[in-house]
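In: What shape does this take:
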Amino acid sequence: MSWLTILSASFLVAGNLLGIGILALPIKVGLSGFLPSIFDILLICLVMLLSAFIIVMRLSKEKKNFDIPSFFNQELGTIGYWIAIICNLILLYGVLVAYLSVISSIIITFLPPQIPHVFITFGYFLFVTSLIMFGRRVLRGGNTVLLIAIFICFLILIKSGMADFKPHLLTYTDWKYIPLGLPVAVSAFHFHNIIPTVFNYVKHDVKAVRKVISIGVGIGLIMNLIWTSVVLGSLLPSAGINSILFTFEHGLPATIPMAHLLHSGIFTTAGLIFAFLAVTASYVANGTGLFGFIKDMTFTYFRTENKLLIGCLAFILPLIITVVYPQIFLSAVDIVGGIGETVLFAILPGIILLRINKGRILILSFIGYSMFIIGSFIFLFILGQKLDLIHLAPMLH
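Out: Numbers count the residues shown, from 1 in each chain. Have a look, this model is predicted:
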């Protein structure tokens, strides 16, 4: 397999790591400080990389599409199938809510204050939903250009974001808040739905797939580490409206306080374009997945393929939630990463590895148990937070 093929596929993986995760990551991990943030990022990167290797190991050459419920049904039976269905719905509905919330929050900062938030949300909803229903071919045809534009905007964000970098801010630490960053780190390293695309691209060469994933995730890791370092070295931990804490309390992405702090037209424009392109591409991809998933479910259980009904079932709920809770971005990412993605890509792959290994190879048993324990901790922590059983969050005074 040529290195050109491997590198091009690796950038496809890396491109899928540029989305809501990277917009939310510095704020959630930043609550604990720089060193704990590095721990969060490295730990979750390793878990998500290992889960991808497990999926590759079990992926059949005949599988052209990665159907999550069917995959876990094949590996774990009926229980795995229904758990995967529930978690997949949480993941897909949750990311659409997060996308609508974050893009509305970013766009509204550039508009007069008298324009209601709901108008922005509804306008963007109509735009991206129309793309899903009628314009997917246009977007698919420009995927490469879109990916290049997203990478360029990200590089501009890093370069211009260094203008007010203060290294001493990286010395702040508060280790007790380290669990808060784990769910969003899971979202920042989620790319697993494109594994079959990569698998087919390298002609089912498992060794090449592992190289592609390793390089792609490595690029994503470097991007996340650099971006997190820039943000945490620029924003104060808790003092003022441009602090990490204020941004966390108001459910905003990292680009908004950075734009306010820097007063840089270059950073602000690059941040807006980056967010718009990355969120739109991801919304269309995940929205298409949700539409297809709902279509399969309605046909299986209700024998209908009515496009309007399927569209309403898929897209109206995220719109309602975002309109009612416009600052739900960080909370939605918590639920997506801490419940949907953690179960699908940490807990269940850990169980699969333990089942196929059966204790024969000690290191594989250790990896399987570690993934299960780490995933279970994240899942229970987020569940406890959302049920108001766990109270761990700094507060503005």
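In: residues touching residue 29, list them.
Out: Contact analysis of residue 29 by C-beta atoms under 8 Å, 6 or more residues apart in numbering lists 36, 37, 40, 41, 180, 181, 184, 185, 228. Every C-beta, even on glycine, is put in place using the N, C-alpha and C of the backbone.
In: Of these, which belong to helices?
Out: Using DSSP state H, the subset of the contacts of residue 29 located in helices is 36, 37, 40, 41, 184, 185, 228.
In: list the contacts for the fifth one?
Out: What that stands for is residue 184. The contact partners of residue 184, by C-beta under 8 Å, 6+ apart, come to 21, 24, 25, 28, 29, 330, 333, 334, 337.
In: that older thread, quick check, nearest of the ones in helices among the contacts of residue 29 to residue 151?
Out: residue 228 (17.6 Å; C-beta to C-beta).
In: any idea how far residue 238 is from residue 278?
Out: For residue 238, the distance to residue 278 equals 28 Å [C-beta to C-beta, to the nearest Å].
In: Give the residue from those two that has the larger number of neighbours.
Out: Neighbours were counted for residue 238 and for residue 278 using other C-beta atoms under 10 Å; residue 278 has more, 27 against 17.
In: Who are the packing partners of the helix or strand that one falls within?
Out: Of the helices and strands defined by DSSP states H and E, residue 278 is found in helix 265-302. If contacts are counted by 3 or more C-beta pairs under 8 Å, 6 or more residues apart in numbering; DSSP states H and E, helix 265-302 sits against helix 20-30, helix 68-108, helix 117-134, helix 136-141, helix 143-161, helix 255-262, helix 307-324.
In: between those, which has the poorest average model confidence?
Out: Ranked by mean pLDDT, the helices and strands packed on helix 265-302 end with helix 136-141 in last place, scoring a mean of 57.
In: Name the surrounding residues that touch stretch 283-302.
Out: Contacts of stretch 283-302 (C-beta under 8 Å, 6+ apart): 88-89, 92-93, 95-96, 99-100, 128-129, 131-133, 136, 139, 193, 304-306, 309-311, 313-315.
In: Using ChimeraX, define a selection of the buried residues within the residues you listed.
Out: Restricted to buried positions by 16 or more other C-beta atoms under 10 Å, the ChimeraX selection for the contacts of stretch 283-302 reads:
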select :88,89,92,93,95,96,99,100,128,129,131,132,133,139,193,310,311,313,314,315
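In: Identify the residue nearest the geometric centre of this structure.
Out: The centre of the chain sits closest to residue 187, judged by C-alpha atoms, centre = their mean, with a distance of 3.2 Å.
In: Which residues are in contact with that one?
Out: With contact set as C-beta under 8 Å, 6+ apart, residue 187 has these partners: 19, 20, 21, 24, 333, 336, 337, 341.
In: In the residues you listed, find the pair that's most separated.
Out: 24 and 341 (13.1 Å).
In: From the contact counts, what lies against the helix or strand hosting residue 225?
Out: Residue 225 belongs to helix 206-232 when elements are defined using DSSP H and E. Judged by 3+ C-beta pairs under 8 Å, 6+ apart, the packing partners of helix 206-232 are helix 3-15, helix 20-30, helix 34-58, helix 143-161, helix 195-201.
In: Can you report phi and psi for residue 173?
Out: phi -140, psi 140 (degrees, to the nearest 10).
In: what about it, distance to residue 308?
Out: Distance, residue 173 to residue 308, using C-beta to C-beta: 53 Å.
In: And for residue 84?
Out: For residue 84 relative to residue 308 (C-beta to C-beta), the value is 27 Å.
In: how close does the nearest residue to residue 102 once chain neighbours are set aside get to residue 205?
Out: With C-beta to C-beta, 6 or more residues apart in numbering as the criterion, residue 102 has its nearest non-adjacent residue at 4.7 Å, and that residue is residue 329. Residue 329 sits at a distance of 39 Å from residue 205 (criterion: C-beta to C-beta).
In: The two: who's more crowded?
Out: residue 329 (28 against 15).
In: circling back to that earlier point, of residue 173 and residue 308, who's got more company?
Out: The residue with more neighbours, out of residue 173 and residue 308, is residue 173; 15 against 8, by other C-beta under 10 Å.
In: just checking, the more buried one touches residue 31?
Out: No: in this structure, residue 173 is not within contact of residue 31 by C-beta atoms under 8 Å, at 10.7 Å.
In: Mark which of the contacts of residue 29 are buried, thanks.
Out: For these, buried by 16+ other C-beta under 10 Å: 36, 37, 40, 41, 180, 181, 184, 185, 228.
In: For residue 77, state which of these is nearest.
Out: Nearest member of the buried ones among the contacts of residue 29 to residue 77, counting by C-beta to C-beta, is residue 185, at 29.8 Å.
In: Give me the nearest residue to that closest one, chain neighbours excluded.
Out: That would be residue 44: by C-beta to C-beta, 6+ apart, it lies 3.8 Å from residue 185.
In: hang on, that neighbour packs against residue 183?
Out: No: counting by C-beta under 8 Å, residue 44 does not reach residue 183; the two are 9.0 Å apart.
In: Buried ones in stretch 242-262, by neighbour count?
Out: 242-259, 261-262.
In: Any regions of the stretch 251-397 of the chain where pLDDT drops low?
Out: Filtered on pLDDT under 70, the stretch 251-397 of the chain yields the residue ranges 396-397.
In: Any figure for the gap between the closest residue to residue 319 other than its chain neighbours and residue 298?
Out: Excluding its sequence neighbours, the residue lying closest to residue 319 (C-beta to C-beta, 6+ apart) is residue 125, at 5.2 Å. The gap separating residue 125 from residue 298 is 21 Å, by C-beta to C-beta.
In: The two: which has the busier surroundings?
Out: Looking at residue 125 and residue 298 with other C-beta under 10 Å, you find the greater number of neighbours at residue 125, namely 22 against 17.
In: how deep is the closest residue to residue 53 other than its chain neighbours tucked in, by neighbour count?
Out: Nearest residue to residue 53, sequence neighbours excluded (C-beta to C-beta, 6+ apart): residue 210, at 6.3 Å. When neighbours are counted by other C-beta under 10 Å, residue 210 registers 16.
In: didn't residue 210 look like it was pressed against residue 54?
Out: No: the pair residue 210 / residue 54 is not scored as a contact, 11.3 Å apart, by C-beta under 8 Å.
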